[in-house]
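**Q** Have a look; sequence and predicted model below, questions after that.
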Amino acid sequence: MNAFNLKHADERIQVTREGEIAIVTIANPQRRNALGRQMRLTLRDTLHHLLVADPDSRAIVLTGADGQFSAGADISEMVQRTVLQSREILDESCQVVRDMLGGPKPVICAVEGIAFGAGLSLAVATDYIVASSSARFCAAFLRIGLIPDTGILWTLPKKIGMSKARELLSLAREIDGVEAARIGLVNQLVEPGQALAAAVAYARELAKQPPLGMALLKAALTFGADDMDASLRAEIDFQPLLRQSKDHLEAASAFIEKRAPVFTGQ
């Protein structure tokens, strides 16, 4: 399925559905799912639509085709860029990160094969990572004389701590799925070939949660994580609103009536 009716449509960004789960696949297998500019624009617009304008999905899975997640940016497009062009492209990439971190729906990344460079950055910007034990992760930017980008300077220390993030970013060291799980980068480790199925199962569990509560939880964790007062303000601002929601009342009624709640996002 094409990524909706988007201005920047690239057939290598594909969307399929399993009930309330939208699966976004990066499909450029000839280049190990490297992302050129047109693909990044389509990925940006696709994720934005799914996160804020699609009533049919409650969780999103991001994955790659043919047993690879993504080799990162398409290096063949990096030559002969002006400073202005580079800034525009980075801004486009960073918008993907902003949307995934600040969007109201959970995003789960399924990693098989490699997640290198900007591919790793995309994975780290999701809420949860499911990876196979044979997956390989590398912030390879310094290998080509660049600093890490696409949000990973902020997101990686949040996931694994500054000391370990500094090590991986500075040495551009490759790690496998087992080590990634050990240091907290990967949430769930599975056998090779099982990452997508496990990520969809994970997404189904998250999709059962009340949508308003999930949206405000993500906002509180993203925007209040660096400052105690901001975190406490988020509690004070969000909790009274959620107490008035139909989903909260439904959950209370379901508890009393000993049944499963049915959440509507209201």
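**A** Happy to help now that I have it.
**Q** residue ranges of the strands in the stretch 51-200 of the chain, please?
**A** 59-64, 107-111, 114-116, 128-132, 136-138, 175-176, 188-190 (DSSP state E, counting those that start in this stretch).
**Q** Quick one: mean pLDDT for the third one?
**A** Strand 114-116 shows a mean pLDDT of 98 in the predicted model.
**Q** go on, the fourth one?
**A** The average pLDDT within strand 128-132 is 99.
**Q** contact partners of it?
**A** Surrounding strand 128-132, the residues in contact under the criterion Cβ atoms under 8 Å, 6 or more residues apart in numbering are 106-112, 115, 123, 137, 177, 180-181, 185-195, 198-199, 202, 206. Where C-beta positions appear, they are placed from N, C-alpha and C, glycine not excepted.
**Q** If we use 7 Å, what do you get?
**A** When contacts are defined by Cβ atoms under 7 Å, 6 or more residues apart in numbering, strand 128-132 is touched by residues 106, 108-112, 123, 177, 180, 185-195, 198-199, 202.
**Q** List the buried residues for it?
**A** The neighbour-count criterion (16 or more other Cβ atoms under 10 Å) identifies 128-132 as the buried residues of strand 128-132.
**Q** just those residues now: which is nearest residue 214?
**A** Within these, proximity to residue 214 (Cβ to Cβ) peaks at residue 128, which comes in at 12.4 Å.
**Q** Look up how far residue 142 lies from the closest one.
**A** With distances defined as Cβ to Cβ, to the nearest Å, the gap from residue 128 to residue 142 amounts to 27 Å.
**Q** go on, residue 33?
**A** If you measure residue 33 against residue 142 using Cβ to Cβ, the figure is 21 Å.
**Q** Which of these two has more residues huddled nearby?
**A** In this view residue 33 and residue 142 are compared by other Cβ atoms under 10 Å, and residue 33 has more residues nearby, 27 against 13.
**Q** so the more buried one sits in a helix?
**A** No: with DSSP: H, G, I helix; E, B strand; the rest coil as the criterion, residue 33 is located in coil rather than a helix.
**Q** Could you pull up the residues touching it?
**A** Residues counted as contacts of residue 33 (Cβ under 7 Å, 6+ apart) are 26-27, 64-65, 68-71.
**Q** so where is the chain shaky, pLDDT-wise?
**A** Across the chain, residues meeting the criterion (pLDDT under 70) sit at 1-8.
**Q** Now with 50, please.
**A** Of all residues in the chain, those with pLDDT under 50 make up the ranges 1.
**Q** Now do the helices in it.
**A** Using DSSP state H, the helices of the chain run over residues 37-52, 83-102, 118-125, 152-160, 162-171, 177-182, 195-207, 211-223, 228-243, 246-257.
**Q** Which among those is found nearest to residue 266?
**A** Put simply, out of the helices of the chain the one that sits nearest residue 266 is helix 246-257, at 4.3 Å, with distance taken as Cβ to Cβ.
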